[in-house]
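Colleague: Fold the following.
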Amino acid sequence: MPFAEPRHVERTEDCLFYHSIELPGLGLVEGLWDLREVADDYLGGIDVQGKRVLDVGTASGFLTFTLERKGAEVISFDIGDDANYDFVPYADPSYDIEALRESARKRVQDLRNSYWLAHRLLASKARAVYGDVYDLPADLPQLDVVLFGMILGHLRDPFAALHAAARLTPPTIVITNQTAEHDIGSGPYAHFMPTPENREPNAWWGLSVGCLTQMLDVLGYDVVDVRSLWPLCLAEGRVGKEHCSSIVAKRR
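Modeller: Okay, here's the model as predicted:
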């Protein structure tokens, strides 16, 4: 398996931290989300001691390093340099999708820098793989858990990403996704979020717990636990706690 070579990153100025994280010598580095108070529920409350976990959409690696502290062997997965970026193709000629893609490439490199800086400072043993979320590498070591941490709504085809994970036959899939506060028990609904007015570039879907449950059912997984949690968003213009649901599914 061609695992990525670690980068040596020294400066936080070269980084973009997606999640807030405590780092030796640096203290608390703030990111766009702070999951520290809800990390256990965010991970579905599962026991990962001695398990091999694939962290899909690792970004700065907060969940990877949290899983390691809990005794897991972790493989971090994120978008590759040549992978396609799922931006909404608005028809408006003033909408510059190529500029968005170029900005995203820079953002991904800064996120990758934050991962490797934290990886070094935390003396992590996690390995990283970069590629296409719709075509996860078939030659990964056998996995016990695949984790999707709040990325499915940002994908044009969330079911295809889940299918790619299911093909690796992990016994457990954990999905944490933003949902309405009273969503648990709702039907299998997906809300298409982009409009010509909001011009959301990559927030594609609001997925109900019922929708994700039905997708997992189709792929041969039974939902065994659903948890409600409120992680803290620190993004400009929307600071505050936002509701998420964590779904744990077991392969039949």
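Colleague: got the buried residues for the helix ranked longest in the chain?
Modeller: The longest helix of the chain (DSSP state H) is helix 97-121. Buried residues in helix 97-121, defined by neighbour count with 16 or more other CB atoms under 10 Å: 104, 108, 110-121. For every residue, glycine as well, the C-beta is placed using N, CA and C.
Colleague: Turn those into TSV, including pLDDT and distance to His191.
Modeller: What follows is these, written out as TSV (pLDDT from 0 to 100; distance: CB to CB, whole Å):
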residue	pLDDT	distance to His191
Ala104	91	23
Val108	94	27
Asp110	96	30
Leu111	96	27
Arg112	97	31
Asn113	97	34
Ser114	98	31
Tyr115	98	31
Trp116	98	36
Leu117	98	36
Ala118	98	34
His119	98	36
Arg120	98	40
Leu121	98	39
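Colleague: of all the residues you listed, which comes closest to Pro141?
Modeller: His119 (18.7 Å; CB to CB).
Colleague: who are the neighbours in contact with that closest one?
Modeller: 6, 61, 65, 126 (CB atoms under 8 Å, 6 or more residues apart in numbering).
Colleague: if I look at it, how far off is Gly25?
Modeller: Per CB to CB, to the nearest Å, His119 is found 14 Å from Gly25.
Colleague: Any figure for the gap between Trp230 and Asp81?
Modeller: 35 Å.
Colleague: okay, the contacts of His119 in a markdown table with distance to Pro141, neighbour count and secondary structure next?
Modeller: Shown next, in a markdown table, are the contacts of His119 (distance: CB to CB, whole Å; neighbours: other CB atoms under 10 Å; DSSP: H, G, I helix; E, B strand; the rest coil):
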| residue | distance to Pro141 | neighbour count | secondary structure |
| --- | --- | --- | --- |
| Pro6 | 18 | 13 | coil |
| Gly61 | 19 | 30 | coil |
| Phe65 | 19 | 25 | helix |
| Ala126 | 13 | 21 | coil |
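Colleague: which pair in these spans the largest distance?
Modeller: Pro6 and Phe65 (14.1 Å).
Colleague: re earlier: so can I have CSV of the contacts of His119 showing pLDDT?
Modeller: Below are the contacts of His119 laid out as CSV (pLDDT from 0 to 100):
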residue, pLDDT
Pro6, 95
Gly61, 97
Phe65, 98
Ala126, 98
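Colleague: From the residues you listed, pick the one nearest Gly237.
Modeller: Using CB to CB, the contacts of His119 come closest to Gly237 at Gly61, 25.4 Å.
Colleague: which ones are touching the nearest residue to that closest one once chain neighbours are set aside?
Modeller: Distance criterion CB to CB, 6 or more residues apart in numbering; nearest residue to Gly61, sequence neighbours excluded, is Tyr115 at 4.3 Å. Going by CB under 8 Å, 6+ apart, Tyr115 touches 58-61, 64, 76, 78, 128.
Colleague: go on, Phe192?
Modeller: 204-205.
Colleague: one more time with 7 Å, if that's ok
Modeller: Trp205 (CB atoms under 7 Å, 6 or more residues apart in numbering).
Colleague: returning to that earlier point: turn the contacts of Tyr115 into JSON lines, columns for distance to Asp86.
Modeller: Formatted as JSON lines, the contacts of Tyr115 follow (distance: CB to CB, whole Å):
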{"residue": "Thr58", "distance to Asp86": "17"}
{"residue": "Ala59", "distance to Asp86": "15"}
{"residue": "Ser60", "distance to Asp86": "20"}
{"residue": "Gly61", "distance to Asp86": "21"}
{"residue": "Thr64", "distance to Asp86": "22"}
{"residue": "Ser76", "distance to Asp86": "20"}
{"residue": "Asp78", "distance to Asp86": "14"}
{"residue": "Ala128", "distance to Asp86": "21"}
